[in-house]
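Student: here is a sequence together with a model predicted from it:
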There are 2 protein chains.
Amino acid sequence: MTQATQSTTATFKALKCKECGTEYEPKATHVCEFCFGPLEVTYDYDALRRTVTRESIQKGPNSIWRYRPFLPVVTETPIDVGTGMTPLVKANRLARRLGIKNLYIKNDAVNMPTLSFKDRVVSVALTRAQELGFTTVSCASTGNLANSTAAIAAHAGLDCCVFIPADLEAGKVLGTLIYGPTVMAVQGNYDQVNRLCCEVANTQGWGFVNINLRPYYSEGSKTLGYEVAEQLGWQLPDHIVAPLASGSLFTKIYKGFQEFIKVGLVDEKSVRFSGAQAEGCSPIAQAYRDGRDFVTPVKPNTIAKSIAIGNPADGIYALEIAKKTNGSIESVNDAEIVDGIKLLAETEGIFTETAGGTTVAVLKKLVEAGKIDPSETTVVYITGNGLKTQEAVQGYIGEPLTIEAKLDSFERALERSRTLERLDWQQVLV
Amino acid sequence: MTQATQSTTATFKALKCKECGTEYEPKATHVCEFCFGPLEVTYDYDALRRTVTRESIQKGPNSIWRYRPFLPVVTETPIDVGTGMTPLVKANRLARRLGIKNLYIKNDAVNMPTLSFKDRVVSVALTRAQELGFTTVSCASTGNLANSTAAIAAHAGLDCCVFIPADLEAGKVLGTLIYGPTVMAVQGNYDQVNRLCCEVANTQGWGFVNINLRPYYSEGSKTLGYEVAEQLGWQLPDHIVAPLASGSLFTKIYKGFQEFIKVGLVDEKSVRFSGAQAEGCSPIAQAYRDGRDFVTPVKPNTIAKSIAIGNPADGIYALEIAKKTNGSIESVNDAEIVDGIKLLAETEGIFTETAGGTTVAVLKKLVEAGKIDPSETTVVYITGNGLKTQEAVQGYIGEPLTIEAKLDSFERALERSRTLERLDWQQVLV
């Protein structure tokens, strides 16, 4: 493994322990040797303030790499497959249905190339992996990360071995195998997969994007903060709602907003951060509800497999942010998750997976509880695509009307469906 | 129904018969009353030359609507859910594998919101449908169009009824139902669905995107030409390869290139147009092979259902373009289609559906036959996402290695997989 040397134009400086502040060289390491705290990348913000402007960003590529100075890579030619710059959709019909006014969907269900926000973190992690000399990359995944790691590794010509729980949704397994990596299906839940991968990372010399490369990897999620700020016309929203799995995404959106304030790209503003969990795996929501400042691990049991992390690495940091920004953390059950998926599809034409259903259902719950002000500019983060978790909605979305290829067969079917619709409405009215 | 009046800033003028040249007002009509030829939208190219520049386009939204002056809508606030501006990926690894040098993938497998190029044509058609006063929209679809029409209608608040063949892939049916439209599953193939819809269009007063709104709808595909020109730095490629279903996409990419030349946005250049069909539904490829200037309808029988149109509406125009640009039209069988899907995924990390597999397999065949020069700048159009046609590759991509959550179980599995790989290579070498 060759150690990439720090170029003079890169603005990231070191890895720093979030707990005790000890600094480390930016190598493939993620835990503090002294206090076992997680390591995070630091930057030269003075240099960023001097050199980065709204215009310099806008002139950049139409991808996360327009924010390259804020990302922990040295190269000027990172792996760019068009990841990021997903639409920020003004969700008027969903807003009306919920009774609020200024709602936006940040739609990473159409992120490139593999239709989840994970493409952001993996693009950064694999670029850094190449700089650090890795030739095999790996991950512990609940599905989306495996898709993304396998796809982007294929594009970059890196060898790839991914680890998933054996009971994943079919679409996520197939959507990984297709790229030709080695796939290890572990008989256990994500937390067990993750523990195994920590051992493997120590023995194989591979770059695990969310273990030994985690400090670089996680920085990719900051782009979800940057893009929303840019797409809102260089200002921050009032309130964001995002799913909580490990808690990393949540903390990095926060870091992204803070960095843009720090270097003067947006005005200072306090943004409320609310988090969404599935009831069947809600350790952070439980801690929030109980007023605890620690997170007790749970055993996951929910259809929202992509966010089913029972022992969330960044749970306490997410908890802290929700509290100090006057946000909330809420959970919803599996039936509410399915309703959330349908609600978003029927009002906005966006088909999300279970994680997105969780987030929309929590949004609804927060509005109903008066925890989101109707006039707040609220951004909901949709992080993955519904085509990957088809099992979750099968059986809840009706069936096509089967007809013959004849006009009268069509007309009879149409009449039947209209009658059924009327009956449905009468039931609603009764 | 109210007829939208032509604004003074809109640059489209009329509908004109492609055969006899008769002009019509831009209403919901698609066939010439005199000769039954198809109608096409005409523009004021002098006005376009005067008012549109590379800079004015670049300042526009990050979607197909940056080309609004070239699209047949009056409004300045079209339905914009981020459709278009998909990545043009430099495909170095696929190029090397095939033995060519300058290959690009135009990746509409990640188009927004429903992951196929159909989002382009539907965004235009539904915007025009609203201008023409329709409140219910419809389509005859092989799947992708149904996904797109249902999703964008949901976002726009239009009622929606779609028609599909009853034997479609599960992902395409579910990916339509989720948005809550009425879905008619017709017992018959696409051509029978289409004939039924022509009758329904005459009786229900609905806006059928690919029937009475077809002249507007089909113009949306021109953006696949514009974007490639812009993304190549305002120049045209040497050769394009695209799938042929009705033939419309192919002819509209051609029209897009010609228009950009006409108004001075790119230099004049002759681009070779090659088309891809599945052997089980290849009426245009057969006509090309036989040297005919007419297309004989066939009965489709292929896994590439999204392009299985046996009686292609624009077949003869596609044929004409391939011939006059010195391109080719080629077909591949179902096994080659699956190999094409895998080849693209393993080399570039792009997971496409059967139509894309067809196109990649035809690309390979054309290179091997010397019909694509290794140094030509070649653009391959990938039009849809593999998550929608999972059935096609299931059984051809291997299985995960199931292991216990223990280091020694992993190590044994890794050793086994490496041994198998070595045996594979030995077989290749023998």
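Tutor: Thanks, I have it. Because the structure is a prediction, the values reported are computed rather than measured. Numbering: from 1, shown residues only, chains lettered A, B, ... in the order given.
Student: please enumerate residues in contact with the longest helix seen in chain A?
Tutor: Scanning chain A for the helix with the most residues, using DSSP state H, yields helix A:407-429. Helix A:407-429 is contacted by residues A:L401, A:I403, B:C161, B:T182, B:M184, B:L196, B:E199, B:V200, B:T203 when judged by C-beta atoms under 8 Å, 6 or more residues apart in numbering or on different chains. Where you see a C-beta, it was placed from the backbone N, CA and C, and this is true even at glycine.
Student: so among these, where is pLDDT lowest?
Tutor: Here the lowest pLDDT out of these sits on B:T203, with 93.
Student: now the angle between helix A:407-429 and the strand or helix carrying that one, please.
Tutor: Using DSSP states H and E, B:T203 falls within helix B:190-204. Angle between the axes of helix B:190-204 and helix A:407-429 is 70 degrees (criterion: axes from the mean of the first three to the mean of the last three C-alpha atoms, to 10 degrees).
Student: now helix B:190-204: buried residues?
Tutor: B:Y190, B:D191, B:Q192, B:V193, B:N194, B:L196, B:C197, B:V200, B:A201, B:Q204 (16 or more other C-beta atoms under 10 Å in any protein chain shown).
Student: okay, now the unreliable bits of chain A?
Tutor: A:1-9, A:425, A:427-430 (pLDDT under 70).
Student: with adjacent residues omitted, what lies nearest to A:R120?
Tutor: Excluding the flanking residues, the one nearest A:R120 by C-beta to C-beta, 6 or more residues apart in numbering or on different chains is A:G220, at 4.1 Å.
Student: separation between the one you found and B:G233?
Tutor: To B:G233, A:G220 is 28 Å away according to C-beta to C-beta, to the nearest Å.
Student: which one of the two has more residues nearby?
Tutor: More crowded of A:G220 and B:G233, by other C-beta atoms under 10 Å in any protein chain shown: A:G220, with 29 against 7.
Student: residues in contact with the more buried one?
Tutor: Taking C-beta under 8 Å, 6+ apart as the test, what A:G220 contacts is A:I64, A:L71, A:R120, A:V121, A:V122, A:S123, A:V124, A:A125, A:K252.
Student: which secondary structure element contains the fourth one?
Tutor: It refers to A:V121. Judged by DSSP H and E, A:V121 forms part of helix A:118-131.
Student: can I get that helix in PDB, CA atoms only?
Tutor: The C-alpha coordinates for helix A:118-131 follow below in PDB (Å, rounded to 0.1, in the frame of the first residue of the first chain):
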ATOM      1  CA  LYS A 118     -24.900   5.800  -0.500                       C
ATOM      2  CA  ASP A 119     -23.500   6.700  -3.900                       C
ATOM      3  CA  ARG A 120     -22.300   9.900  -2.300                       C
ATOM      4  CA  VAL A 121     -20.300   8.300   0.500                       C
ATOM      5  CA  VAL A 122     -19.000   5.500  -1.700                       C
ATOM      6  CA  SER A 123     -17.700   7.900  -4.400                       C
ATOM      7  CA  VAL A 124     -15.700   9.700  -1.800                       C
ATOM      8  CA  ALA A 125     -14.500   6.500   0.000                       C
ATOM      9  CA  LEU A 126     -13.400   4.700  -3.200                       C
ATOM     10  CA  THR A 127     -11.600   7.800  -4.500                       C
ATOM     11  CA  ARG A 128      -9.700   8.000  -1.200                       C
ATOM     12  CA  ALA A 129      -9.200   4.200  -1.200                       C
ATOM     13  CA  GLN A 130      -7.300   4.600  -4.500                       C
ATOM     14  CA  GLU A 131      -5.200   7.400  -3.100                       C
END
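Student: can you pull the residues of the stretch 201-350 of chain A lying near chain B?
Tutor: When proximity is defined by C-beta under 8 Å from any C-beta of the partner chain, the stretch 201-350 of chain A lies next to chain B at A:T203, A:I341, A:K342, A:A345, A:E346, A:T347, A:E348, A:G349, A:I350.
Student: separation between the first one and B:C35?
Tutor: It stands for A:T203. Taken as C-beta to C-beta, the span from A:T203 to B:C35 is 74 Å.
Student: same question, the third one
Tutor: Relative to B:C35, A:K342 is positioned 47 Å away (C-beta to C-beta).
Student: more crowded one of the two?
Tutor: Higher neighbour count among A:K342 and B:C35: A:K342, with 21 against 12, using other C-beta under 10 Å.
Student: so for the helix or strand containing the more buried one, what gets flagged as buried?
Tutor: Using DSSP H and E, A:K342 maps to helix A:334-348. For helix A:334-348, burial by neighbour count (16+ other C-beta under 10 Å) applies to A:334, A:336-348.
Student: which of these lies closest to B:I329?
Tutor: A:A345 (37.7 Å; C-beta to C-beta).
Student: test my guess that that closest one contacts B:T176.
Tutor: No - applying C-beta atoms under 8 Å as the test, A:A345 and B:T176 come out as separate, 10.2 Å apart.
Student: need the next SSE after the helix holding A:K342, C-terminal direction.
Tutor: Note on helix A:334-348: by DSSP H and E, the next helix or strand toward the C-terminus is helix A:354-368.
Student: how far off helix A:334-348 does that next one point, in degrees?
Tutor: 90 degrees.
Student: give me the contacts around stretch A:207-218.
Tutor: Contacts of stretch A:207-218 (C-beta under 8 Å, 6+ apart): A:15, A:26, A:28-30, A:38-41, A:72-73, A:121-122, A:124-126, A:128-129, A:132, A:134, A:136-141, A:145, A:149, A:194, A:197-198, A:200-201, A:248, A:252.
Student: dump that stretch to PDB, restricted to CA.
Tutor: Output in PDB follows, covering the C-alpha atoms of stretch A:207-218 (Å, rounded to 0.1, in the frame of the first residue of the first chain):
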ATOM      1  CA  GLY A 207     -10.400  -0.900   2.300                       C
ATOM      2  CA  PHE A 208     -13.800  -1.200   4.100                       C
ATOM      3  CA  VAL A 209     -15.600   1.900   3.100                       C
ATOM      4  CA  ASN A 210     -17.600   2.100   6.400                       C
ATOM      5  CA  ILE A 211     -14.900   0.800   8.700                       C
ATOM      6  CA  ASN A 212     -11.300   1.700   8.200                       C
ATOM      7  CA  LEU A 213     -12.200   4.300   5.500                       C
ATOM      8  CA  ARG A 214     -15.200   5.500   7.500                       C
ATOM      9  CA  PRO A 215     -13.900   9.000   8.300                       C
ATOM     10  CA  TYR A 216     -13.600   9.800   4.500                       C
ATOM     11  CA  TYR A 217     -16.700   7.900   3.500                       C
ATOM     12  CA  SER A 218     -19.000   9.600   6.000                       C
END
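Student: run the chain-centre distance for it.
Tutor: Stretch A:207-218 sits 15 Å away from the centroid of its parent chain (C-alpha atoms, centre = their mean, to the nearest Å).
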